[in-house]
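Asks: Next input, structure requested:
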Amino acid sequence: MISYRKVHFVVSLIFATAFMLMLGASAFAASSDFNGNGRDDVIASYDYGSSTTRIWGFSSNGVSFAPQPAWISARGAFDAGRTKVVAGNFNGAGADDVAALYDYGNGTSRLWLYASNGATLTPTLAWYGPGFNASRAKMVAGDFNGDGTTDVAMLYDYGNATSRIWLFLSNGTTMTPTMAWYGPGFDAGRAKIAAGNFNGAGPDDIAVLYDYGSTTSRIWTFISNGSTFTPSLAWAARGFEAPRAKIVAGNFDGSGADDIAALYDYGSSTSRIWTFISNGTTMTPSLAWGSPSFDANKAKLVAGNFDGAGADDVATLYDYGSSTSRLWMFASNGTTLAPHQAWASGTGNWDSVRSKIANSAVFLPRAGVATGKAIDVNLSTQTLNCNQTSLDEVDEGVFRMTGHSAFMTLVSSGRSPFDTPTGNFQVYAKDPVADMSGFAGTAEEYYVPNVPYILWFFGSYSIHGAYWHNDFGNVRSHGCVNVPVDAGAWIYAWAPIGTPVNVHY
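Replies: Have a look, this model is predicted:
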């Protein structure tokens, strides 16, 4: 498969500590014939922090990859976290180039073309789009109008399950957008996309792996006539969960039409690569490789003709932890894939923690898509935990909840028969200080002035500071949850009204 029809895929590397996203170094990667030698290479951009980035070309000799720098941004001028990248022969010259969609914020984006001379890259502005939000776009590259130069296609999410595909046609210098497909009832958030010549004729097409929920998925091919796309069902199955798959496209069996390869996560560090072989109309899955000790969540997938033989291959950038990564080349014999190590970073030299591939465009895992706070009161252990939760997007449309205890303290809850009620509540009001009294005219009558840091969660029950005793860790109160005064101050400042409160044994 010639390079201008190749699907190009991107790796994004982001660092995280604890549960806060701290940009240290990140990367995206794509496969292309960057040096024009007839074998596909891997292009990786590395984020050195402070909005400083380098693009590295990992040149293939057919067996291994050798990295060399191709471009470096000015310090503070290029934030990899704002960028989606694809690769292709955008100017029609010998070597493949890079196209970067950059998010300037406030719904403004630009498409930059990084032209290759076979060794280095030179950026020029190819398109400017006010009113275009890059975070809503999924980007692929291919020769969609069949003129010999690579173009860009973007699946754009308009919300409310409405999507459009825009073609950015290249004239070798600039790109002009035109709408190629409109899809009401199509949720871009459920789609994973790749580009290739799936019908084996004319211009390049787009394939979409779509998640219908309930472990049901379908592959749709969007066939190009040079200006618009027509979707056609290529494969459907129950028992296949699209969120567990990472897809790339290539001519894996060496025949006329391009195919799909899916790295599928079976859990417990067990993974398989399935190739969905195209006959020009439909796709038939075939097991190409499997391992009981390969964690798909640690792998970033790219495809290309890395060994220069007839069929396209797969490469994975695998995270070994401790800022150590390796590139594995999965060489295709037309039916199966055989892995071998093609590059090793060495310990501490390349950190791919929290990195993902999103088809042919960089996907940046997003920590804190939604964040939350919750108070957990354990009456058995007489402890209170302030839990901080984060909903993280770890792949496109794939979310994972993480959490940690931000603060813990001993408490004194209600003694019998004044047991603290159990259940799921929420903070409905707060008082910085108030007088408290109860059980007037009985042996249990009390009056306590200036009770500090009160969080009301159920009727007259609250969490509050207690200055009149130091018996925390034992039941003692008339039903409220007593905490030390300094702990009460911390909880009061941390928990807004509406914070869930779970009281249990």
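
Asks: wait, Y46 sits on G57?
Replies: No: in this structure, Y46 is not within contact of G57 by C-beta atoms under 8 Å, at 11.7 Å. For glycine as for every other residue, the C-beta is placed from the backbone atoms N, C-alpha and C.

Asks: can you give me the helices in the stretch 401-505 of the chain?
Replies: Per DSSP state H, counting those that start in this stretch, the stretch 401-505 of the chain carries helices over the ranges 485-494.

Asks: Compare Y46 and G57 (neighbour count), which wins?
Replies: G57 (26 against 21; other C-beta atoms under 10 Å).

Asks: So, low pLDDT: which residues of this structure?
Replies: Counting by pLDDT under 70, the chain shows low-confidence ranges at 1-37, 353-370, 391-402.

Asks: which one in it is furthest away from the centre?
Replies: Note on the chain: the largest C-alpha distance from the chain mean falls to G441, namely 62.3 Å (C-alpha atoms, centre = their mean).

Asks: quick one: that one from F425, how far?
Replies: 29 Å (C-beta to C-beta, to the nearest Å).

Asks: circling back to that earlier point, so how far is L111 from the residue farthest from the centre of the chain?
Replies: Remark: distance between G441 and L111 (C-beta to C-beta) = 78 Å.

Asks: Repeat that for M408.
Replies: 49 Å.

Asks: And the two? Which one has more around it.
Replies: Neighbour totals were compared for M408 and L111, and L111 leads with 25 against 13 (other C-beta under 10 Å).

Asks: these two touch, right, that one and A99?
Replies: Yes: at 6.2 Å, L111 counts as touching A99 under the criterion of C-beta under 8 Å.

Asks: which residues are in contact with both of the two?
Replies: 126, 152, 175 (C-beta atoms under 8 Å, 6 or more residues apart in numbering).

Asks: Is the second one bridged to anything, and to what?
Replies: Beta-bridge pairing of V152 under DSSP bridges involves A141, F168.

Asks: Begin at 48, not 1, for the rest of this chat.
Replies: That works, and once the first residue is 48, the last one we named lands at V199.

Asks: what's near enough to touch it?
Replies: Contacts of V199 by C-beta under 8 Å, 6+ apart are 133, 146, 148, 158, 186-188, 214-215, 217, 222.

Asks: Which of the residues you listed sits closest to L256?
Replies: V187 (12.6 Å; C-beta to C-beta).

Asks: Next, give phi and psi for T99.
Replies: phi -120, psi 130 (degrees, to the nearest 10).

Asks: same question, G154
Replies: Here G154 shows phi and psi, under degrees, to the nearest 10, equal to phi 70, psi 30.

Asks: was I right about it contacting N180?
Replies: Yes: counting by C-beta under 8 Å, N180 is a contact partner of G154 at 4.9 Å.

Asks: what do the two both touch?
Replies: What both G154 and N180 touch, as defined by C-beta under 8 Å, 6+ apart, is an empty set.

Asks: beta partners for L280?
Replies: Counting by DSSP bridges, the residues bridging with L280 are W267.

Asks: Now do the same contact list for it.
Replies: By C-beta under 8 Å, 6+ apart, the residues touching L280 are 265-267, 329.

Asks: same check, this time on F287
Replies: 262-264, 311.

Asks: repeat that for 7 Å
Replies: 262, 264 (C-beta atoms under 7 Å, 6 or more residues apart in numbering).

Asks: now D252: how far from F276?
Replies: For D252, the distance to F276 - C-beta to C-beta - is 7 Å.

Asks: Overlap of the contact sets of these two?
Replies: In contact with both D252 and F276: 269-270, using C-beta under 7 Å, 6+ apart.

Asks: Count residues in the vicinity of G243, would you?
Replies: 29.

Asks: Find the nearest non-adjacent residue to it, please.
Replies: Leaving out its chain neighbours, the residue that sits closest to G243 by C-beta to C-beta, 6 or more residues apart in numbering is D305, at 3.2 Å.

Asks: Need phi/psi at that neighbour.
Replies: Dihedral angles (degrees, to the nearest 10) for D305: phi -80, psi 160.

Asks: Could you do the one 4 residues further on as well?
Replies: Here the main-chain torsion angles of A309 (degrees, to the nearest 10) amount to phi -120, psi 120.

Asks: Specify the beta-bridge partners of it.
Replies: According to DSSP bridges, beta-bridge pairing links A309 with I294, W321.

Asks: Could you report the separation of it from R462?
Replies: Distance from A309 to R462, by C-beta to C-beta: 59 Å.

Asks: Of those two, which one has the most company?
Replies: Ranked by neighbour count (other C-beta under 10 Å), A309 and R462 place A309 first, with 25 against 14.

Asks: Let me see the contact set for that one.
Replies: Here A309 is in contact with 292-294, 320-321, 323 (criterion: C-beta under 7 Å, 6+ apart).

Asks: give me that answer again for 6 Å
Replies: 292, 294, 321 (C-beta atoms under 6 Å, 6 or more residues apart in numbering).

Asks: Also T167?
Replies: So T167 contacts A117 (C-beta under 6 Å, 6+ apart).

Asks: Tell me how far it lies from A117.
Replies: 5 Å.

Asks: ditto for A421
Replies: Using C-beta to C-beta, one gets 47 Å for the distance from A421 to A117.

Asks: Compare neighbour counts for the two and give me the winner.
Replies: Neighbours were counted for A421 and for A117 using other C-beta under 10 Å; A117 has more, 23 against 17.

Asks: Surely the more buried one touches I102?
Replies: Yes: taking contacts as C-beta atoms under 6 Å, A117 lies within contact range of I102: 4.8 Å.

Asks: joint contacts of the two?
Replies: L168.

Asks: top of the contacts of L280 by neighbour count?
Replies: I266 (27 neighbours).

Asks: need the contact list for that one.
Replies: 256, 281-282, 330.

Asks: go with 8 Å
Replies: 254-257, 280-283, 307, 323, 330.

Asks: separation between it and W503?
Replies: 53 Å.

Asks: swap in A292?
Replies: Taking C-beta to C-beta, one finds A292 at 47 Å from W503.

Asks: follow-up on the earlier one: contacting residues for the residue farthest from the centre of the chain?
Replies: Contacts of G488 by C-beta under 8 Å, 6+ apart: none found.

Asks: Send over the helix or strand hosting R157 as PDB, restricted to the C-alpha atoms.
Replies: If you go by DSSP states H and E, R157 is part of strand 155-163. Provided in PDB are the C-alpha atoms of strand 155-163 (Å, rounded to 0.1, in the frame of the first residue of the first chain):
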ATOM      1  CA  THR A 155     -10.700  28.700  17.500                       C
ATOM      2  CA  SER A 156      -8.400  26.200  15.700                       C
ATOM      3  CA  ARG A 157      -5.700  26.100  13.000                       C
ATOM      4  CA  LEU A 158      -4.400  23.400  10.800                       C
ATOM      5  CA  TRP A 159      -0.600  23.500  10.400                       C
ATOM      6  CA  LEU A 160       1.300  21.500   7.700                       C
ATOM      7  CA  TYR A 161       4.800  20.300   8.600                       C
ATOM      8  CA  ALA A 162       6.500  19.600   5.300                       C
ATOM      9  CA  SER A 163       9.200  17.100   5.200                       C
END
